[in-house]
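Student: Here you go, sequence then predicted model.
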Amino acid sequence: METAYIFKRIERKYLLDEVTKKRLLQRMKGELLLDEYGKSTICSLYLDTPDHRIIRSSIDAGAYKEKLRLRSYGTPKTDSTVYLELKKKYQGVVYKRRVSLLLSAAKLYLNGGVLPEAGQIWREIDYAMRFYRWPKPAMLISYEREAYTWADDPNFRVTFDSAARARQTDLLLENGSAGASLLPVGLDLMEVKSLGAMPLSFARSLNELSITPSSFSKYGTAYTRSLVTTATSTETILKGGLKYVSNL
């Protein structure tokens with residue numbers, strides 16, 4: 001049976017190099033502990049409309065952002081558990097609706113629209129799918145994650161994502177996590193997730209190490225980079241054509 005989850009929390013993002021990451025973890029030794037997931041490879045298949053309406057709205061939006069994605073931990077098989085997620089962000093607060101199901105069942109739903117269950121979370125996800133007129137796989141983004149939790153507060157979590165990569169072709173989770181790099185080697189994306197204020201010692205360490213917030217988005221960066229690549233390719237073709245014409 002599928003399992004539904006609801007998350008409501010504040011998420012903050014930071015970009016930091018390996019030296020700064022090591023210094024932060026050393027300061028937080030005994031307070032930040034590897035959680036039950038520890039180190040894992042995360043693969044997220046983002047769904048979007050043919051004109052990329054969802055990510056364009058997210059990039060252009062001020063207070064409100066929304067994403068639909070299918071996530072796996074590692075490379076899944078047909079009978080592996082994956083997670084279909086509707087993620088909304090409003091004024092810095094993240095609201096996530098998530099259901100777990102087998103990859104085979106997820107494909108049936110995404111391809112045919114057969115609603116596996118009639119629960120509230122499923123209805124919210126299904127509404128979003130229908131609102132966007134059944135978005136299709138648009139980008140596969142993968143990365144290596146280290147996940148930590150605070151010793152005295154399991155609701156306070158810190159994750160480090162490295163080797164972020166993306167691809168726009170071969171959009172199947174079961175085909176692995178290969179893709180073009182989104183971040184320079186040695187640069188991690190740290191995400192701090194909490195229900196409210198972060199622990200004082202952690203906040204103090206961020207300040208002392210000059211770690212400042214970033215608005216980096218993996219899907220947004222991958223999509224923007226694809227536009228630049230397409231524009232560059234088109235310009236090269238046009239220039240080549242103009243050169244050819246001038247040589248007649």
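Tutor: Alright, I've got the coordinates. Fair warning: this is a prediction, and the values are worked out from it, not measured in the lab. Residues are numbered from 1 along each chain as shown.

Student: where along the chain do the strands fall?
Tutor: The residue ranges that make up the strands of the chain, judged by DSSP state E, are 3-17, 32-48, 64-73, 81-90, 93-102, 136-150, 153-167, 180-181, 187-194.

Student: Paired strands for the shortest one, with orientation please.
Tutor: Meaning strand 180-181. strand 153-167 (antiparallel) (DSSP bridges).

Student: okay, the angle between the strand it pairs with and strand 136-150?
Tutor: Going by axes from the mean of the first three to the mean of the last three Cα atoms, to 10 degrees, strand 153-167 is angled at 150 degrees with respect to strand 136-150.

Student: in strand 153-167, what's buried?
Tutor: 156-167 (16 or more other Cβ atoms under 10 Å). For glycine as for every other residue, the C-beta is placed from the backbone atoms N, C-alpha and C.

Student: Looking at it now, give me its mean pLDDT.
Tutor: When pLDDT is averaged along strand 153-167, the result is 96.

Student: Over to stretch 86-97?
Tutor: When the per-residue pLDDT values of stretch 86-97 are averaged, the result is 91.

Student: Now do the end-to-end distance for that stretch.
Tutor: 5 Å (Cα to Cα, to the nearest Å).

Student: Can you pull out the residues in contact with that stretch?
Tutor: Here stretch 86-97 makes contact (Cβ atoms under 8 Å, 6 or more residues apart in numbering) with 4-11, 63-69, 85, 98, 121, 124-125, 128, 193.

Student: hmm, back to that, go through the strands of the chain and find the least confident stretch.
Tutor: Among the strands of the chain, strand 3-17 has the lowest mean pLDDT, at a mean of 86.

Student: With distance to residue 224 added, can I get the strands of the chain in CSV?
Tutor: Converted to CSV, the strands of the chain look like this (distance: least, Cβ to Cβ, whole Å):
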stretch, distance to residue 224
strand 3-17, 16
strand 32-48, 14
strand 64-73, 15
strand 81-90, 18
strand 93-102, 21
strand 136-150, 11
strand 153-167, 11
strand 180-181, 13
strand 187-194, 16
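
Student: of all the ones you listed, which lies closest to residue 55?
Tutor: strand 32-48 (5.8 Å; Cβ to Cβ).

Student: And that closest one, what does it pack against?
Tutor: Using 3 or more Cβ pairs under 8 Å, 6 or more residues apart in numbering; DSSP states H and E as the contact criterion, the secondary-structure elements in contact with strand 32-48 are helix 53-60, strand 64-73, strand 136-150, strand 153-167, helix 218-246.

Student: same thing but at 7 Å, please
Tutor: Under the contact criterion of 3 or more Cβ pairs under 7 Å, 6 or more residues apart in numbering; DSSP states H and E, the helices and strands touching strand 32-48 comprise strand 64-73, strand 136-150.

Student: Report the beta-bridge partners for the closest residue in space to residue 181 that isn't next to it in sequence.
Tutor: Spatial nearest neighbour of residue 181, chain neighbours left out: residue 165 (5.5 Å); criterion: Cβ to Cβ, 6 or more residues apart in numbering. With DSSP bridges as the criterion, residue 165 is bridged to residue 142, residue 181.
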